[in-house]
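Trainee: no sequence on this one, just coordinates:
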């Protein structure tokens, strides 16, 4: 990937005066394709946002990516603990699009195959109800955690100062100096506010609900918001457990001998033994994802109550009744697309507004990559 332009977005403090443009502006750089270079603001540094940013940089454009968290990754988030890490969101990914395969080839050694023939299907009582899922395609994980793939791809943007973290975009506005461009009002982790200006287009790489809210809250009359309103995304509560007492002579695992399972238990939809994934340490660790219906019903419940209920369900499904040395929970408000947009991206060329994300095509990690890629190709 070619090195991004190191010039950051023009930042205007709320208290600063707007400086008039110079009478003789420098000539606009030309991209390798012969088009004028443009500056894109990308909101969200998950898989879709980083795929979009990488593609635009490769095409010769400038990008500035805004991320409310402390680093890139989105729903590939990897959470550390004293006993090893957990894939708190996406558990694995498949590779069906040759463009995704070529992109993965650019970071050799990051992605490793995870055996899929150990994935069981369980009934509501935790009994194996069907043989392991058919071995139709490889299941892959990033190492040392699922987040590693996105953060590795994002690193050139970080080095060039083009990924701005701990920053939430609160409003999209017409550029006060350079019409018909855009400027963004933002809020930092400590409440500090800034205005970033000088963008030719704004691309939203967020879940559809907050993306729609940002457009509407900015007072923008855009067809993007209407299209997003038809998308449905289910929430998910995730439980993470560690059992270091299982690592001793004569005992390698607790409970079942399978490493991953889909469950029909009313509380639990998915369980995975993290220590079975390649590139992880050997401490017995489990990630448990609640069912969409149960997560929606208990979305606003107290975290301790959710943790207790999911731990009880985990014991019922796995037979592991030992007290975990570590337990943590995470709530994903927008976890799994249940009704996708039906096309790879949204782009309003006249306004210079676009959107991408897995919700455009489905819920797979590859869907997010393809969406970000195809939005970038459409606007480049």
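Mentor: Noted; the coordinates are in hand. It should be emphasised that the depicted structure is a prediction, and the values quoted were computed from it without experimental measurement. Residues are numbered from 1 along each chain as shown.

Trainee: For the biggest strand by length in the chain, list every residue counted as buried.
Mentor: When the chain is parsed with DSSP state E, its longest strand is strand 326-339. Using 16 or more other CB atoms under 10 Å as the test for burial, strand 326-339 gives 326, 327, 328, 329, 330, 331, 332, 334, 335, 336, 337. All C-beta atoms are positioned from the backbone trio N, CA, C, and that covers glycine.

Trainee: just stretch 367-380 next, same as before
Mentor: 367, 368, 369, 370, 371, 372, 373, 374, 375, 376, 379, 380.

Trainee: For residue 255, give its distance to residue 276.
Mentor: 12 Å (CB to CB, to the nearest Å).

Trainee: try residue 77
Mentor: 19 Å.

Trainee: With neighbour numbers in mind, choose between these two.
Mentor: Shown here are residue 77 and residue 276; by other CB atoms under 10 Å, residue 77 has more neighbours (21 against 18).

Trainee: Please name the bridge partners of residue 288.
Mentor: In this entry, residue 288 is beta-bridged to residue 239, residue 271, by DSSP bridges.

Trainee: Could you number the chain from 37 rather than 1 from now on?
Mentor: Fine by me, first position is 37 from now on; the one you just mentioned is residue 324.

Trainee: Distance of it relative to residue 279?
Mentor: 13 Å.

Trainee: Between these two, which contacts overlap?
Mentor: Here residue 324 and residue 279 have no joint contacts, going by CB atoms under 8 Å, 6 or more residues apart in numbering.

Trainee: Tell me where the chain has helices.
Mentor: 83-94, 134-141, 183-195, 244-253, 259-264, 328-333, 339-354, 401-415 (DSSP state H).

Trainee: right, and the ones you listed - which one's nearest residue 216?
Mentor: Closest to residue 216 of these, according to CB to CB: helix 401-415, at 15.3 Å.

Trainee: Let me know the angle separating the closest one from helix 134-141.
Mentor: In terms of direction (axes from the mean of the first three to the mean of the last three CA atoms, to 10 degrees), helix 401-415 departs from helix 134-141 by 100 degrees.

Trainee: quick one: low-confidence parts of this structure?
Mentor: For the chain, applying pLDDT under 70 flags the ranges 37-62, 152-154, 160-162, 164-172, 283-289.

Trainee: Just give me the residue closest to the centre of it.
Mentor: Taking CA atoms, centre = their mean, the centroid of the chain lies closest to residue 110, which sits 2.6 Å from it.

Trainee: quick one: that residue and residue 79 touch, right?
Mentor: No. Assessed by CB atoms under 8 Å, residue 110 is found out of contact with residue 79, at 11.7 Å.

Trainee: what residues are shared contacts of those two?
Mentor: Listed as contacting both residue 110 and residue 79 by CB under 8 Å, 6+ apart are residue 85.

Trainee: List the contacts of the closest residue to residue 349 other than its chain neighbours.
Mentor: Nearest in space to residue 349, with sequence neighbours left out and distances taken as CB to CB, 6 or more residues apart in numbering, is residue 303 at 4.0 Å. Residue 303 makes contact with 326, 327, 330, 345, 346, 349, according to CB under 8 Å, 6+ apart.

Trainee: show me what contacts the residue lying closest to the fifth one once chain neighbours are set aside?
Mentor: Think residue 346. Distances taken as CB to CB, 6+ apart place residue 275 nearest to residue 346, at 4.3 Å, with adjacent residues excluded. Applying CB under 8 Å, 6+ apart to residue 275 gives the contacts 322-326, 342-343, 346-347, 350, 363-365.

Trainee: cool, and residue 314?
Mentor: Residue 314 touches 148, 149, 150, 177, 179, counting by CB under 8 Å, 6+ apart.

Trainee: Need the buried ones from those residues selected in PyMOL.
Mentor: Buried residues within these, by 16+ other CB under 10 Å, are selected in PyMOL with:
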select buried, resi 150+177+179
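
Trainee: where's the closest residue to residue 416 other than its chain neighbours relative to residue 87, distance?
Mentor: With sequence-adjacent residues excluded and distances taken as CB to CB, 6+ apart, residue 416 is closest to residue 95, at 4.1 Å. As judged by CB to CB, residue 95 and residue 87 stand 13 Å apart.

Trainee: These two: who's more crowded?
Mentor: Taking residue 95 and residue 87 together and counting by other CB under 10 Å, residue 87 has the greater number of neighbours (26 against 18).

Trainee: List the residues that contact the more buried one.
Mentor: Contacts of residue 87 by CB under 8 Å, 6+ apart are 139, 189, 404, 405, 407, 408, 409, 412.

Trainee: The fourth one against residue 88, yeah?
Mentor: The reference is to residue 405. No. Residue 405 lies out of contact with residue 88 (CB under 8 Å); the separation is 9.5 Å.

Trainee: want to throw the contacts of residue 87 into TSV with distance to residue 233?
Mentor: Shown next, in TSV, are these (distance: CB to CB, whole Å):
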residue	distance to residue 233
139	31
189	27
404	28
405	30
407	27
408	24
409	27
412	22
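
Trainee: Tell me the one of those residues nearest residue 122?
Mentor: residue 404 (20.2 Å).

Trainee: can you pull the contacts of the closest one?
Mentor: 82, 83, 84, 87, 110, 392, 393, 394.
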